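Student: Okay, here's the prediction I keep looking at, along with the sequence it came from:
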Amino acid sequence: MKIKFWSTLTALTIVVVSYFYLSDQQQEVEATPIIVSKPTPQPTLLYGFPIDSFEVTKGKVKWNQFLSEILSEYNVSGQQLYELSKISKKIYDVRRLKAGSEYVIIHDRDSLKTAKQFVFEPSITEYVVYNFEDSIYAELIQKPIEVVERTLAVEINSSMYEAILEQNSSPILVQRLVDVFAWQVDFFRIAKGDRLKVVFEEQLVDGEISDIGEIKAAYFEHIGKEYYAIPYAHKEKIDYFDEEGKSLRKTFLRAPLNFSRISSRYSPRRFHPVQKRYKAHLGTDYAAPTGTPIRTVGDGVVLEARYHGGNGNYVKIQHNSNYTTQYLHMSRIAKGIRPGVKVKQGTTIGFVGKTGLANGPHLCFRFWKNGRQVDALKVDLPASKGIDTASLAVFKLHADSVKSQLDLIKFPEPEPLLAYIKYPLPNVD
C-alpha cells in the first residue's frame, strides 16, 4: 500500500514540474522578439547602368545630325568628344550615326545635365555605349538572342507574303522559303489555295523577331503538286532534299529576283513600249523597284559587264559550254563585277534600273541554251546530285521522321460562311 502511494505521488510531482517548465519555456519563446530583415532594394538598371539617381532622355538621330549636336545640351566638352572619336573608331565611329536610330542619354538631374552615358542602337541585336563618367570609353555590346522553334501552316488567299505576315511571322521567313523552294515553285504564279507548312527557328531579341534561323522542315502544295523540303547533312554541308532523296537545288535559280512582277514574257513578236513597233522579245521582263538586287541564277564567269545603248547597264555570264544568261537595264553594276570574275549562284551582280531602252524600272532577263535564246520560264533546268545510294537508307528514315512532324501540323479550319435564312413574311391580315 505504501509503495503504491509513493509511486502515485512521484508521478504527480513529475507532471506538475513538467507543466511549469514547459510554461516557462513558452513564455521565453513568446518574449523573444523576431527580427525580420528588410530586403535590400535593387537599383533600376538601363543597359546595365543604375539610373535611380539620374535622368534619362530618349531620342532619335535626325538626318545629318552629329553626336556633338546631340550632346550640346549635356555639358560634354569638345576635348571629351575628340577623345571619344579616337577611342571609338574601331568600335563604332561616332561620325556614322544612322538617321532614325534610337538613342538614350543618362545624365545628372541638375541644371548642367552632365551626360554620363550615351547609348545608341545601330541595330536590333546590338547597342553601343559611349561613356563619359570617370573614364571615356566606347563599347559595342551584343544583346542576348533567344532561339525558339515555331511551326506555321497557312493557306494562301492572295500572296505568300501576306499569309505569313498574318501569322505574326517575319518577312525574312518568306525569303528563306523562296530560297528553299526556288527551283520547284514558280513564285510568280502562286495560286489561291496553295498551302504550306514549315518548322523553323525564330531568333528573338527583347521579344522582337531579329532573324529566322534554320528551316527544319517544310511542305509546299503548289497548283495541285506536293513538295517536301527535308534538310540533311550531305557531303559536309546541309542541303534540302525531297522525300526520295533528290536534291531540291537545280543548277540554275528559277528567277534572278526574289519578289517582283513579270511584266512581259518571251515572245517572237511583241509591241515595243519605247520603239512603238512590233519586234521579237527574246527575254523575260521583271518589273521591280529601282535598286532591287539582281542575282546570278548560277555559277559562272562574267563575260561582259558594261553599258550599251539599248541594253543600258548589263552583265552577261557564261555558266558552262551549254548555258549563258544576260541581265539588262541595271541602274548600276555591282562592285567587283567585271569580265573574267567568277561568280557563285545567288551573287548580287547589279541592281534594277531603267537604263537603255526602258520606260520604267525592270530587269530584262535573257537565257541561252546551246547558243540559242530560249524562254527561261520553260527551260528544263538540270538538277544537282541527290543522296548517294550508300546513304539513302539512313536518309529515308530521317525523311519519314520529318514528314511525320509535318503531318502533325494542321491547317487552319476555313471560316464558316454566313447562311442567309429566309423568314416567312408576317401575316398582316
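Tutor: Sure, I can see it.

Student: Dihedrals phi and psi, the residue lying closest to residue 55 once chain neighbours are set aside?
Tutor: Leaving aside its chain neighbours, residue 55 sits nearest to residue 109 (4.9 Å; criterion: C-beta to C-beta, 6 or more residues apart in numbering). All C-beta atoms are positioned from the backbone trio N, CA, C, and that covers glycine. When read as degrees, to the nearest 10, the backbone of residue 109 gives phi -90, psi 0.

Student: residues touching residue 109, list them.
Tutor: Taking C-beta atoms under 8 Å, 6 or more residues apart in numbering, we find residue 109 in contact with 53, 54, 55.

Student: Pull out the buried members of those.
Tutor: Using 16 or more other C-beta atoms under 10 Å as the burial test, the contacts of residue 109 include residue 54 as buried.

Student: and residue 85, how far is that from residue 122?
Tutor: Distance, residue 85 to residue 122, using C-beta to C-beta, to the nearest Å: 16 Å.

Student: which secondary element of this structure has the worst mean pLDDT?
Tutor: Here the helix or strand of the chain ranked lowest by mean pLDDT, DSSP states H and E is strand 267-271, holding a mean of 41.

Student: For the helix or strand that contains residue 82, give the mean pLDDT please.
Tutor: Assigned by DSSP states H and E, residue 82 falls within helix 78-88. On average, the pLDDT along helix 78-88 is 87.

Student: again, but for stretch 332-342
Tutor: If you average the pLDDT over stretch 332-342, you get 95.

Student: Could you give the number of residues near residue 372?
Tutor: By the criterion of other C-beta atoms under 10 Å, residue 372 has 8 neighbours.

Student: Please name the bridge partners of it.
Tutor: residue 369 (DSSP bridges).

Student: Mind checking which of the contacts of residue 109 land in strands?
Tutor: Those of these mapping onto strands are residue 55, per DSSP state E.

Student: Tell me the one of the contacts of residue 109 nearest residue 388?
Tutor: Lowest distance from residue 388 to the contacts of residue 109 (C-beta to C-beta) belongs to residue 54, with 64.2 Å.

Student: thought that closest one was touching residue 104?
Tutor: No. Counting by C-beta atoms under 8 Å, residue 54 stays clear of residue 104, with 11.0 Å between them.

Student: which residue is nearest the centroid of the protein?
Tutor: Nearest to the geometric centre of the chain sits residue 211, at 2.9 Å (C-alpha atoms, centre = their mean).

Student: Of all the residues in the helix or strand harbouring it, which ones are buried?
Tutor: Using DSSP H and E, residue 211 maps to strand 208-222. Under the neighbour-count criterion of 16+ other C-beta under 10 Å, strand 208-222 has 209, 210, 211, 212, 215, 216, 217, 218, 219, 220, 221, 222 buried.

Student: Phi first, then psi, for residue 205.
Tutor: For residue 205, the backbone dihedrals (degrees, to the nearest 10) come out as phi -130, psi 120.

Student: partners of it in the sheet?
Tutor: Taking DSSP bridges as the rule, residue 205 bridges to residue 208.

Student: Correct me if wrong: it contacts residue 125.
Tutor: Yes. Distance between residue 205 and residue 125: 5.4 Å, which falls inside the contact criterion (C-beta under 8 Å).

Student: what do these two both touch?
Tutor: Between them, residue 205 and residue 125 share these contacting residues under C-beta under 8 Å, 6+ apart: 143, 145.

Student: residue ranges of the helices in the stretch 251-400 of the chain, please?
Tutor: 389-407 (DSSP state H, counting those that start in this stretch).

Student: circling back to that earlier point, tabulate the buried residues of strand 208-222 (JSON lines), appending pLDDT and distance to residue 48.
Tutor: Output for the buried residues of strand 208-222, formatted as JSON lines (pLDDT from 0 to 100; distance: C-beta to C-beta, whole Å):
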{"residue": "209", "pLDDT": "91", "distance to residue 48": "24"}
{"residue": "210", "pLDDT": "90", "distance to residue 48": "20"}
{"residue": "211", "pLDDT": "91", "distance to residue 48": "24"}
{"residue": "212", "pLDDT": "92", "distance to residue 48": "28"}
{"residue": "215", "pLDDT": "94", "distance to residue 48": "35"}
{"residue": "216", "pLDDT": "95", "distance to residue 48": "34"}
{"residue": "217", "pLDDT": "95", "distance to residue 48": "39"}
{"residue": "218", "pLDDT": "96", "distance to residue 48": "40"}
{"residue": "219", "pLDDT": "96", "distance to residue 48": "44"}
{"residue": "220", "pLDDT": "94", "distance to residue 48": "45"}
{"residue": "221", "pLDDT": "92", "distance to residue 48": "49"}
{"residue": "222", "pLDDT": "88", "distance to residue 48": "49"}
